[in-house]
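Student: Show me the folded form of this:
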Amino acid sequence: MTGKNKIPGWLFFLIAFAAAPSAAMDLLHDPFGVSAAVSETVDKNMSLSGGCGGLRLPSILTLAEAVSRALCNNPQTAQSWAEVKMKAATVGSAQATYLPTLNASANVAKVANRITIPDYPAASSSLNTRSSDVNLSFNWVLYDFGLRAANLESARQLLNAAVAVQDDVLQTVFLSTVTAFDTAQAAQAGLTAAQDAEQAAVQSYRAAQAKYAAGAGSLSDKLLAQTASASAVVQRVHADGDWQSALGGLASVMGLRPDAPLQLADINTEAEQAQQAPAFEKAVGELIETALSVHPKIIAARARLQSAQAQEVAARAQGKPTLSLYMTGDRTDTPITEVASRQINNSRSIGFQINIPLLDGITRNYEVRAAQAGVESAAATLAETQRQVALEVWNSAKGVRTESESAAATVVLLESARQSMVVAQGRYKAGVGTMLELLTAQSELAAAAQQRILALTRGQTARLRLAASLARLRMDVL
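Tutor: Got it, this is the predicted structure:
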């Protein structure tokens, strides 16, 4: 192909852009491909198969649905997602420093100049004309003793930290939703238990009142039953308030208004399903080792340490020379036809430039010291994070064992309390039992029901808290 038949570069680009506009736009939008580190969705595909699109509030809210909505709509997850995007863009900016720069400037000016010589009027002159100047400069840093490499490494590690923080935020929101859901479920079941206790107290009061009216009961029994009935009403009112407050907290963590109408699934169904979840059989020491290697908080702290180390290298490289390739082109056009001939000045230059910092007021020394202190601080933060994660795994593992044993004990406790209540009611109706005995049985049954509810919800929360301490919270865990 001869030179006359060659396609100009700009025309080739236009043809390529017309043939594949989406690919060309992607290349211009993200030429370094840093967006690959950014998840496509705010929840990083941790939610249900439907994703974050079109999540509607169901009539009966389950734990899985609550977690899905929270992962999609909680502002904390959106904030961490935006932070990853920002750090990814910073990596692209750091990579762009390896490319040359090309700058163009142009100006057009109108020149008006008048020179007056009072003693020699004939020598006076005036000038009214215009001038133009066009400049094109090219600069490419070839070597800088590792400054750009250190800045790029720092940006990459900060991106790694942001990705790890996003994982940790998802785990945190996940667990917060589980805790809020369990609290609301316990409050809902507690309200039901309080209503049952209120009905039982009212029935006892009516029985005592009937016996007193028939002359078979004492006034003290009637007053005791009346007091117990009034106390049960107060407890039911407080239980209703706790339930409403817990629902508001759950709605808030899900990204809804606190007054959103929520109807939770039955606690017994959820609790029995949770009891069938696989238990952690490994020793606590092994669990701690696992958490120390995969926990996003530790990954983020380690990445920040590596970023601080790279920043120290960059601070040291700031004071070293840089070698650049430069090219300039300049054209000045001054048509001074009134007093002289038109002047057109074209100039071009190409060469290497070395920049050697000699004196900067010793500020760079302090910048290096600050960077060293930053490394020490990041190292201490990593050690503290490792300590906290290890302690969290230890406490979570012990909590699972404690709540499992407690849940097993409450089964016997609740059944015994129910039988005692039946016996006390029968004895009182038969006239061989006292009202105090009956009220004691009622109180013990109410307390046993509350302990059973708390054992079920705390057991589920403890298991998921252990999964969170191991960074293993996923939808399939539910």
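Student: now the strands for the chain?
Tutor: Secondary structure of the chain by DSSP state E: the strands cover 101-115, 125-143, 322-334, 343-355.
Student: export the longest one as PDB, just CAs?
Tutor: Think strand 125-143. Written as PDB, here are the backbone C-alpha positions of strand 125-143 (Å, rounded to 0.1, in the frame of the first residue of the first chain):
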ATOM      1  CA  SER A 125       4.300  56.900  16.700                       C
ATOM      2  CA  SER A 126       1.300  54.700  17.300                       C
ATOM      3  CA  LEU A 127       0.600  51.000  16.700                       C
ATOM      4  CA  ASN A 128      -2.700  49.300  16.400                       C
ATOM      5  CA  THR A 129      -2.500  45.700  15.400                       C
ATOM      6  CA  ARG A 130      -3.100  42.100  16.600                       C
ATOM      7  CA  SER A 131      -0.800  39.200  17.500                       C
ATOM      8  CA  SER A 132      -1.300  35.500  17.900                       C
ATOM      9  CA  ASP A 133       0.600  32.700  19.600                       C
ATOM     10  CA  VAL A 134       0.100  28.900  19.400                       C
ATOM     11  CA  ASN A 135       2.200  26.600  21.600                       C
ATOM     12  CA  LEU A 136       2.300  22.800  21.800                       C
ATOM     13  CA  SER A 137       4.300  21.000  24.600                       C
ATOM     14  CA  PHE A 138       5.000  17.400  25.200                       C
ATOM     15  CA  ASN A 139       6.600  16.000  28.400                       C
ATOM     16  CA  TRP A 140       7.300  12.400  29.500                       C
ATOM     17  CA  VAL A 141       8.900  11.500  32.800                       C
ATOM     18  CA  LEU A 142      11.200   8.600  32.000                       C
ATOM     19  CA  TYR A 143      12.800   8.000  35.500                       C
END
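Student: Please enumerate residues in contact with it?
Tutor: Strand 125-143 is contacted from outside by 97, 99-115, 148, 322-339, 352, using CB atoms under 8 Å, 6 or more residues apart in numbering. To be clear about C-beta, it is placed using only N, CA and C from the backbone, and glycine gets the same treatment.
Student: Put the buried members of the residues you listed into a PyMOL selection.
Tutor: Buried members of the contacts of strand 125-143, defined by 16 or more other CB atoms under 10 Å, are picked up in PyMOL with:
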select buried, resi 148+322+324+326+334
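Student: Could you find the closest non-adjacent residue to E153?
Tutor: Of all residues not flanking E153 in the chain, A310 sits nearest, at 4.0 Å (CB to CB, 6 or more residues apart in numbering).
Student: I figured that neighbour was touching R148, is that so?
Tutor: No - assessed by CB atoms under 8 Å, A310 is found out of contact with R148, at 11.1 Å.
Student: how about the strands of the chain, which one is nearest I288?
Tutor: strand 125-143 (46.4 Å; CB to CB).
Student: what pLDDT does the residue nearest to E153 get?
Tutor: Note for A310: predicted pLDDT of 94.
Student: Ok, I288 next?
Tutor: So I288 comes in at 85 (pLDDT).
Student: Spit out the contact partners of it.
Tutor: I288 touches 390, 393-394, counting by CB under 8 Å, 6+ apart.
Student: Next one: it from L191, what distance?
Tutor: 39 Å (CB to CB, to the nearest Å).
Student: for D240, same thing?
Tutor: D240 sits 6 Å away from L191 when distances are taken as CB to CB.
Student: Looking at these two, which one has more neighbours?
Tutor: Taking neighbours as other CB atoms under 10 Å, D240 and L191 compare with L191 leading, 21 against 15.
Student: which ones are touching the more buried one?
Tutor: L191 sits next to 236, 239-240, 242-243 when contact means CB under 8 Å, 6+ apart.
Student: can you map out the helices along the stretch 51-200 of the chain?
Tutor: Under the criterion DSSP state H, counting those that start in this stretch, the stretch 51-200 of the chain contains helices at 63-73, 75-96, 147-213.
Student: what would the ones you listed look like in a markdown table with mean pLDDT and distance to A370?
Tutor: Output for those, formatted as a markdown table (pLDDT from 0 to 100; distance: least, CB to CB, whole Å):
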| stretch | mean pLDDT | distance to A370 |
| --- | --- | --- |
| helix 63-73 | 87 | 38 |
| helix 75-96 | 92 | 20 |
| helix 147-213 | 88 | 14 |
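Student: Which stretch among these is buried most, on average?
Tutor: Mean neighbour count (mean count of other CB atoms under 10 Å) peaks for helix 63-73 among the helices of the stretch 51-200 of the chain, with a mean of 23.
Student: domains in the protein, as residue ranges please.
Tutor: Using automatic domain parsing, the domain ranges for the chain come out as 33-99+145-318+363-477, 100-143+321-356.
Student: Where does the prediction get shaky in this protein?
Tutor: Low-confidence segments of the chain (pLDDT under 70): 1-28, 47-55, 125, 268-282, 336-342, 361, 476-478.
Student: let's see 50
Tutor: 1-14, 16-17, 24, 269-281 (pLDDT under 50).
Student: Contacts only, for A197.
Tutor: 232, 235-236, 442, 445-446, 449.
Student: All the helices of the stretch 351-478 of the chain, in order from the start?
Tutor: Counting by DSSP H, counting those that start in this stretch, the helices of the stretch 351-478 of the chain are 363-430, 435-469.
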